[in-house]
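> here is my input, please return the structure:
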Amino acid sequence: MSADGIVLKDYTCCAICKELVKYNTGNTTNMRNHLLRKHNIDITKIPVKRFIPSEAEDGPSTSKQPRITSLAKIKEGSTVYKTISDSLLRYISMDFAPLSTVESVWFKEYTKNLNPRYDLPTRKKLTKVLFPDLYKRVRGEVEDSLKTASRTCALTTDGWTSTKSNPPKNFETVTCHYISSEWQINTVVLETRTTDSESHTAETLRDHLQRVMEEWRISPVGITTDNASNISKAIKLLQNLDEDQEAVPYETFLPDDPELSADISPSDDDARTDSGEIEIDDSLLSTILPVVHIRCFAHTLNLAAQAALKLRSVSLNNMRIIVKYFRKSTLAGEF
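Numbers count the residues shown, from 1 in each chain. This next block holds a predicted model:
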């Protein structure tokens, strides 16, 4: 009988996936092969419980057909196991769920009711095996995606403090923004590290940014930061500028030589590939697109508001009007 209730001679319906399996009277080979191939169930290895006849001499025989008392566990490494485990990892990482979730009695009961054949991984296995494997896979995907934008991406970096820990911990995060080959705007966190054991000098921040760029093989066109003096000096060090020099806009570095400009002009057929894409030499691109320091507009506005509040001529109501304008104005939202 099919899943729709239609009787089909010489076919049987799988109770797990509802797929029709050819069945010959008295021969279960096709059904056994289907369970092994589609559901990773080896019927020959499933323990069975046999009913022993009553030992009473005059009692009736209670022997029954052997029946399956449990299903075989899903093998680690199988497609089904990886799919379920990846869903678990995405739930924990994307919803910031604690690793102790897998130790919850109620969560174990929940997963067992969903699929009793799946063995929920332990917390140790999550941290030692599954999450490191997931990190390697995702990092490889990000590296492949960045290959087409290694010279045209932009970075943002900022330090922050986690008040959840005791004592509070300081962190530094570097985020990369770029347009993929499919013209999708992507944002990925390249690194988040603790900074409690080091000084927050400009040289340290510069070295950290250089290491991240070398590790990910990128040369960003710009880096957005707040207005802190140490990170501002760090960007100047990246630009090989003296401390008293102001950062120069990248337009200043564009070539004045018409011949050099023509080498990267979209109208130059020699600069195009067979598919029509513009091909620019990496060494030339790194020359005309230096690292540009972009100061965070929101942080700058915050500093301006704090400074304005110290003036007697500026009222708190005036500040509220300015903030309200930037929050609701569609024109201001474009900046």
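
> got the domain boundaries for the protein?
1-53+66-72, 79-140, 149-270+278-295, 307-335 (automatic domain parsing).

> so Lys233, which state does it fall into?
helix (DSSP: H, G, I helix; E, B strand; the rest coil).

> quick one: residues in contact with whichever strand or helix holds Arg139.
Secondary structure assignment for Arg139, by DSSP states H and E: helix 131-146. With contacts defined as CB atoms under 8 Å, 6 or more residues apart in numbering, helix 131-146 is touched by 86, 89, 93, 153, 176, 178, 180-181, 186, 188, 216-218. C-beta here means a position set from N, CA and C on the backbone, and glycine is covered the same way.

> how about residues contacting the helix or strand just after that helix?
Per DSSP H and E, helix 131-146 leads on to strand 154-162 as the next helix or strand towards the C-terminus. Residues from elsewhere that reach strand 154-162, judged by CB under 8 Å, 6+ apart: 168-178, 190, 195, 200, 209, 212-213, 220-226, 228, 231, 294, 296.

> contact partners of the following helix or strand past strand 154-162?
Using DSSP H and E, the helix or strand that follows strand 154-162 towards the C-terminus is strand 169-179. By CB under 8 Å, 6+ apart, the list of residues contacting strand 169-179 from outside reads 145-146, 149, 152-162, 185-196, 205, 208-209, 212, 216, 218, 220.

> alpha carbons of strand 169-179, as PDB, please.
This file holds the C-alpha atoms of strand 169-179, laid out as PDB (Å, rounded to 0.1, in the frame of the first residue of the first chain):
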ATOM      1  CA  LYS A 169      37.500  41.600  30.300                       C
ATOM      2  CA  ASN A 170      38.700  43.800  27.400                       C
ATOM      3  CA  PHE A 171      38.500  42.700  23.800                       C
ATOM      4  CA  GLU A 172      39.500  44.000  20.400                       C
ATOM      5  CA  THR A 173      37.400  43.100  17.300                       C
ATOM      6  CA  VAL A 174      38.300  43.500  13.600                       C
ATOM      7  CA  THR A 175      35.500  43.300  11.100                       C
ATOM      8  CA  CYS A 176      35.800  43.100   7.300                       C
ATOM      9  CA  HIS A 177      33.300  44.600   4.800                       C
ATOM     10  CA  TYR A 178      33.400  43.800   1.100                       C
ATOM     11  CA  ILE A 179      31.300  43.100  -2.000                       C
END
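
> partners of it in the sheet?
Using DSSP bridges, the strands paired with strand 169-179 are strand 154-162 (antiparallel), strand 185-194 (antiparallel).

> average model confidence for the longest one?
By that I understand strand 185-194. Averaging pLDDT along strand 185-194 gives 92.

> buried residues in it?
For strand 185-194, the neighbour count (16 or more other CB atoms under 10 Å) marks Val188, Leu190 as buried.

> which stretches of the protein form helices?
29-39, 79-94, 105-114, 123-125, 131-146, 202-215, 229-238, 258-263, 282-288, 297-309, 316-328 (DSSP state H).

> what comes up buried for the third one?
What it means is helix 105-114. Thr111.

> residue ranges with poor pLDDT in the stretch 51-200 of the chain?
51-71 (pLDDT under 70).

> list buried residues within the contacts of strand 154-162.
172, 174-178, 190, 195, 209, 212-213, 220-226, 231.

> the nearest residue to Ser229 once chain neighbours are set aside: neighbour count?
Of all residues beyond its chain neighbours, the one nearest Ser229 is Ala202 (7.9 Å), with distances taken as CB to CB, 6 or more residues apart in numbering. Burial of Ala202, expressed as a neighbour count using other CB atoms under 10 Å, amounts to 19.

> then the one 4 residues further on?
The burial count assigned to Arg206 is 18, neighbours taken as other CB under 10 Å.

> gap between it and Leu237?
4 Å (CB to CB, to the nearest Å).

> which regions of the stretch 201-335 of the chain lie under the pLDDT threshold?
In the stretch 201-335 of the chain (pLDDT under 70), the answer is 241-290, 312-314, 331-335.

> how does it look with 80?
Within the stretch 201-335 of the chain, the stretches with pLDDT under 80 are 240-290, 305, 308-320, 322-323, 325-335.

> which of the helices of the chain is buried the deepest?
helix 229-238 (a mean of 19; mean count of other CB atoms under 10 Å).

> now Met113: how far from Ile223?
Residue 113: Asn, not Met. 50 Å.

> Gly77 too?
Remark: distance between Gly77 and Ile223 (CB to CB) = 42 Å.

> do the same with Leu99
From Leu99 to Ile223 the distance is 33 Å (CB to CB).

> same check, this time on Val80
Taking CB to CB, one finds Val80 at 44 Å from Ile223.

> for Leu238, list the residues it contacts.
Arg206, Leu209, Gln210, Ile223, Val291.

> thought the fourth one was touching Ile294?
So that's Ile223. Yes - Ile223 lies in contact with Ile294 (CB atoms under 8 Å); the separation is 6.9 Å.

> got the CA coordinates for stretch 72-80 in PDB?
The C-alpha trace of stretch 72-80 is given here as PDB (Å, rounded to 0.1, in the frame of the first residue of the first chain):
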ATOM      1  CA  ALA A  72      20.400   1.400  15.600                       C
ATOM      2  CA  LYS A  73      22.100   4.700  16.500                       C
ATOM      3  CA  ILE A  74      23.100   7.100  13.700                       C
ATOM      4  CA  LYS A  75      26.700   6.600  12.900                       C
ATOM      5  CA  GLU A  76      29.100   9.500  13.400                       C
ATOM      6  CA  GLY A  77      30.400  10.800  10.100                       C
ATOM      7  CA  SER A  78      27.200   9.900   8.300                       C
ATOM      8  CA  THR A  79      25.300  12.600   6.400                       C
ATOM      9  CA  VAL A  80      22.400  12.500   8.800                       C
END
